[in-house]
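Asks: what follows is a predicted protein model with its sequence.
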Protein chains: 2
Amino acid sequence: MAEKLIVIGGTAAGLSAASKAKRVNPELEITVFERSGYISYGACGLPYFVGGMIEQPDDLVSLTVEQMRGKRGIPTYIHHEVTAIDRLNRTVTVVNLDSGETSMYPYDKLVIATGASPIRPKIPGADAEGIYCLRTVEDGICLKAAVQQDGQKQRAAIIGGGFIGLEVAEEMALSGLEVHVFEMMPRLLPFLNEQFSRMVHDELTRHGVHVHTGAAVQAIAEQDGRACGIVTADGGNVPVDFVLMSIGVTPNSALAAMAGLELGFKNAIVVDDEMRTSDPSIWACGDCVQMKNRITGAPCYVPLGTTANKQGRIAGDNIAGAHETFKGVLGSMVTKVFDLYIAATGLSEQQAKDAGYDAAVSLVTKGDRASYYPGSRDNNICLVLDRKTGRLLGAQALGSESVAGRMNVFATAITCGMTVQEINELDLVYSPSVAPVYDPILIAASQAMKKVAR
Amino acid sequence: MAEKLIVIGGTAAGLSAASKAKRVNPELEITVFERSGYISYGACGLPYFVGGMIEQPDDLVSLTVEQMRGKRGIPTYIHHEVTAIDRLNRTVTVVNLDSGETSMYPYDKLVIATGASPIRPKIPGADAEGIYCLRTVEDGICLKAAVQQDGQKQRAAIIGGGFIGLEVAEEMALSGLEVHVFEMMPRLLPFLNEQFSRMVHDELTRHGVHVHTGAAVQAIAEQDGRACGIVTADGGNVPVDFVLMSIGVTPNSALAAMAGLELGFKNAIVVDDEMRTSDPSIWACGDCVQMKNRITGAPCYVPLGTTANKQGRIAGDNIAGAHETFKGVLGSMVTKVFDLYIAATGLSEQQAKDAGYDAAVSLVTKGDRASYYPGSRDNNICLVLDRKTGRLLGAQALGSESVAGRMNVFATAITCGMTVQEINELDLVYSPSVAPVYDPILIAASQAMKKVAR
């Protein structure tokens, strides 16, 4: 009899696991259950769907249920929630959310790819109407309806100045709304160098976004059950028409916890390097699992689509008999806020110090093409290095789109344990139209060399 | 008495050496002699000066003679040619090209940074009027005058389909000329994968450039002493109004040869890793020296501005007492032809085979951003790897501007000896606006893994 694999969750990690396992072992009988109404959607594109750059929800979807079933041979069900795992009898309880019907499905192997959910703070007014979050396609459809509403100028509050909050702030401002961002910390994106936080702040302000930093939201004011204002700890009260909650996510690990699987950092599911949970028949991957930092080896929780895809693929491969390992995360990321691209990888100064490094920081600003070539824009680069060895530990960059490619060089260099001196010796590409003869990467490394202990 | 350093050549390598040496040891008495009328110019910008995107010759210049003398404390002379080196007495003979006056200057240490000169083929008609090359600012001024001439539509021939030839072809076509490129080899840029050569060819043709491949130029037709046509070996005769010779450069090593210094590959000056010639008092750097390939260690000659700058800096540092070493070249490069960016690093398939590797090639095409994000353009990536170990040996990419940043990741990976499997495990940045969730780098590496021997 064919081995049965059940996959809980039909987005990045779950579908990667299912597809990879099926590719390697076509004999596997795989079933995927997805709680929401969409599978295989690009959640990172949701801000641009809300802003209107991406028109239809289906544009975000790369694989349909029909394609999964037909082309890939993997029966896949939406609106099906797995509500319990019986590890002893190897069954899962599945509720069809459309019909309300409950069924039991047996498994030989199981993948938990339940993702994460937005954190909703327990403050007065948090349950009012007109409060949104942005995680699923359904969330996106609701928020888009609020944003794209005709009539008088809407005022929106975004609680949380992280990446998603800032991406949505951009999209809402471009859609003509009055946008207020509330960030509890004294500055935006506090893992960035302080100067960089200020530049991001300025870029938002320059485009008309109202940024409130050091602004702990104490309550959401209500009128007739609808959110109508943001009350901050310092007594401020900003009237708004609706609210986006964007203060982070928490792993969907309740199902795993109920089944007795081990949880770790921030309640994420503990997995080994092969993505196996504490039950050898159960793998987990994506935004619901604990990861390890690739530099320090310490447990961490950095939910990102890139990681989810990689982990899913590795889980799928291993379910089909391989022994692939996930190497950990650097937390490499990039985003843009209006005309400013923001990229980072590895440890921030504080993270490096917390990890016990004698960390030094070096900052440079350099044009992204030859000074004589039209259209040059600055790349601001911050390197975090170990003063003792000169090893690169982290990097951050702000500027033109080209910071993305440069950040990937730093991510590669960190992965290989390169020192800033070795980075300074790299033979990089050059043409007046895409770089100065000394690439900003080399300038950054060269400056950072001055911080290395002799 | 202060130690005297004479630097022959006032562009990338020479000025880097002089400036670095002075910075480290301000006591040094440094003099720079430059044969042309310009120092410190961005030769790589000349095609864009010819095309008019860069207006004034001075726009290409980053340091003036006055700045060198004043701010940097380094007397610098243009129109001064060093015609002989007397190693026994440690003097150089210098001709003031304006006055014709000859002088002798003593040195304790000497830097030869004489660069390279365009190769002029010995074919009938090669000395006619209306034949240009493009190496110095003066060359650029002459060629620009020919290109930007008013009146009827000019017809230009470019002999040599290398990077500079193609960059100028673009600029001339954009200036409204009828442009013919003649390439002796059966395809353009033959170190690229064959499919890539074809794409470059198509991009040129699409923009109205006439590309003649497999076209050995046998003679330049003349009328009244002026070039008026290109005669090819197959009997073709293409009428043109002027000609750009762009078939490559040869190191300016005659001065070094006369002084008895050792020459190597392609008559380039032999230097050790510290940029010292066979005479311990003489350093050489830039386009006049032999380099070593960073992967194979074999001698090579890859004249590039990036290398010249790095070598100059290292020579200057060592002259001031350091023992810095130049690590060799990967030949990393990027350019653009109309809307197509072309980048490469490391070994081509042929070079890898010639170096004794069991080389495999893997090709992928992938969008440069999330499929649902507007404006995605293809990245075509070709990886050359060692089938036995999986080690990356070379990479080439064609597509949007983003190929430059991606090529730098491959250059870094090659430098660190990474295998394609290790590259596939990199944690790279992702955002729908700058990359798909599986970056083209990862897709390329993942595909290449299939070529590794098991």
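Replies: Ah, there it is. Numbers count the residues shown, from 1 in each chain, chains lettered A, B, ... in the order given.
Asks: what pLDDT does the closest residue to chain B within the stretch 51-200 of chain A get?
Replies: Taking CB to the nearest CB, chain B has its nearest neighbour within the stretch 51-200 of chain A at A:Asp59, 4.8 Å off. Where you see a C-beta, it was placed from the backbone N, CA and C, and this is true even at glycine. If you check A:Asp59, the pLDDT there is 94.
Asks: mind listing what it touches?
Replies: Neighbouring residues of A:Asp59 by CB atoms under 8 Å, 6 or more residues apart in numbering or on different chains: A:Gly45, A:Phe49, B:Tyr372.
Asks: closest to A:Lys388 out of those residues?
Replies: A:Gly45 (42.3 Å; CB to CB).
Asks: the closest one in helix, strand or coil?
Replies: helix (DSSP: H, G, I helix; E, B strand; the rest coil).
Asks: my guess is it meets B:Tyr373, correct?
Replies: Yes: using CB atoms under 8 Å, A:Gly45 is in contact with B:Tyr373, at 6.5 Å.
Asks: now list whatever residues contact both of these two.
Replies: Shared contacts of A:Gly45 and B:Tyr373, counting by CB under 8 Å, 6+ apart, come down to A:Ile54, B:Pro432.
Asks: these two - which one has more neighbours?
Replies: Using other CB atoms under 10 Å in any protein chain shown as the criterion, A:Gly45 and B:Tyr373 rank with A:Gly45 on top: 26 against 23.
Asks: so who does the more buried one touch?
Replies: A:Gly45 neighbours (CB under 8 Å, 6+ apart): A:Ile54, A:Asp59, A:Leu60, B:Ala370, B:Tyr372, B:Tyr373, B:Pro432.
Asks: change it to 10 Å
Replies: A:53-54, A:59-61, A:137, A:140, A:167, A:305, B:370-373, B:431-433, B:437 (CB atoms under 10 Å, 6 or more residues apart in numbering or on different chains).
Asks: equivalent analysis for A:Asp108, please.
Replies: A:Met1, A:Ala2, A:Glu3, A:Lys4, A:Leu5, A:Ile6, A:Leu28, A:Glu29, A:Arg90, A:Ser281, A:Ile319.
Asks: in JSON lines: the residues you listed, plus pLDDT.
Replies: Shown next, in JSON lines, are these (pLDDT from 0 to 100):
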{"residue": "A:Met1", "pLDDT": "78"}
{"residue": "A:Ala2", "pLDDT": "91"}
{"residue": "A:Glu3", "pLDDT": "97"}
{"residue": "A:Lys4", "pLDDT": "98"}
{"residue": "A:Leu5", "pLDDT": "98"}
{"residue": "A:Ile6", "pLDDT": "98"}
{"residue": "A:Leu28", "pLDDT": "98"}
{"residue": "A:Glu29", "pLDDT": "98"}
{"residue": "A:Arg90", "pLDDT": "98"}
{"residue": "A:Ser281", "pLDDT": "98"}
{"residue": "A:Ile319", "pLDDT": "98"}
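Asks: where does the stretch 151-300 of chain A get nearest to chain B, which residue?
Replies: A:Arg294 (6.6 Å).
Asks: what do you get for chain A?
Replies: A:Gly405 (1.3 Å).
Asks: how about the helices in chain A?
Replies: A:12-24, A:46-51, A:65-69, A:137-147, A:163-174, A:194-206, A:254-258, A:305-319, A:349-354, A:403-415, A:420-424, A:440-449 (DSSP state H).
Asks: let me know which of these is tucked in deepest.
Replies: helix A:403-415 (a mean of 29; mean count of other CB atoms under 10 Å in any protein chain shown).
Asks: let me see the contact set for the closest residue to A:Lys292 other than its chain neighbours.
Replies: Closest residue to A:Lys292 apart from its sequence neighbours, by CB to CB, 6 or more residues apart in numbering or on different chains: A:Gly328 at 4.5 Å. For A:Gly328, the contact set (CB under 10 Å, 6+ apart) comprises A:273, A:291-300, A:302, A:307, A:415, B:425, B:427.
Asks: tell me the one among those nearest to A:Arg198.
Replies: Proximity of the contacts of A:Gly328 to A:Arg198 (CB to CB) peaks at A:Val302, which lies at 24.3 Å.
Asks: I'd say the closest one and A:Asn293 touch.
Replies: Yes: A:Val302 is within contact range of A:Asn293, at 8.2 Å (criterion: CB atoms under 10 Å).
Asks: who touches both of these two?
Replies: If you check A:Val302 and A:Asn293 against CB under 10 Å, 6+ apart, the residues they both contact are A:Gly328, A:Val329, A:Leu330, A:Gly331.
Asks: and the pLDDT for A:Gly130?
Replies: A:Gly130 is given a pLDDT of 97.
Asks: give me the neighbour count for it.
Replies: 18.
Asks: over to A:Asn193?
Replies: A:Asn193: 22 neighbours (other CB under 10 Å).
Asks: with adjacent residues omitted, what lies nearest to it?
Replies: A:Cys382 (4.3 Å).
Asks: next up, the contacts around the one you found.
Replies: A:192-196, A:344, A:348-349, A:361-364, A:394-398, A:444, A:448.
Asks: likewise A:Asp439?
Replies: Contact partners of A:Asp439, counting by CB under 10 Å, 6+ apart, are A:366, A:368, A:379, A:402, A:406, A:409, A:426, A:428-430, A:445, B:306, B:332, B:404-405, B:408.
Asks: ok, so of these, who is nearest B:His80?
Replies: Of the contacts of A:Asp439, the one sitting nearest to B:His80 (CB to CB) turns out to be B:Thr306, at 26.7 Å.
Asks: excluding chain neighbours, what is closest to A:Gly9?
Replies: A:Ala113 (3.5 Å).
Asks: so who does the one you found touch?
Replies: A:Ala113 neighbours (CB under 10 Å, 6+ apart): A:7-18, A:32, A:34, A:252, A:275, A:283-289, A:308, A:311-312, A:315.
Asks: now the buried members of the contacts of A:Gly328.
Replies: With neighbours counted using 16 or more other CB atoms under 10 Å in any protein chain shown, these contain these buried positions: A:Met291, A:Lys292, A:Asn293, A:Arg294, A:Ile295, A:Thr296, A:Cys300, A:Val302, A:Thr307, A:Thr415, B:Glu425, B:Asp427.
Asks: any chance of these in JSON lines, with pLDDT too?
Replies: Formatted as JSON lines, these follow (pLDDT from 0 to 100):
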{"residue": "A:Met291", "pLDDT": "97"}
{"residue": "A:Lys292", "pLDDT": "97"}
{"residue": "A:Asn293", "pLDDT": "97"}
{"residue": "A:Arg294", "pLDDT": "97"}
{"residue": "A:Ile295", "pLDDT": "98"}
{"residue": "A:Thr296", "pLDDT": "97"}
{"residue": "A:Cys300", "pLDDT": "97"}
{"residue": "A:Val302", "pLDDT": "96"}
{"residue": "A:Thr307", "pLDDT": "97"}
{"residue": "A:Thr415", "pLDDT": "98"}
{"residue": "B:Glu425", "pLDDT": "97"}
{"residue": "B:Asp427", "pLDDT": "98"}
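Asks: thanks a lot, see you next time.
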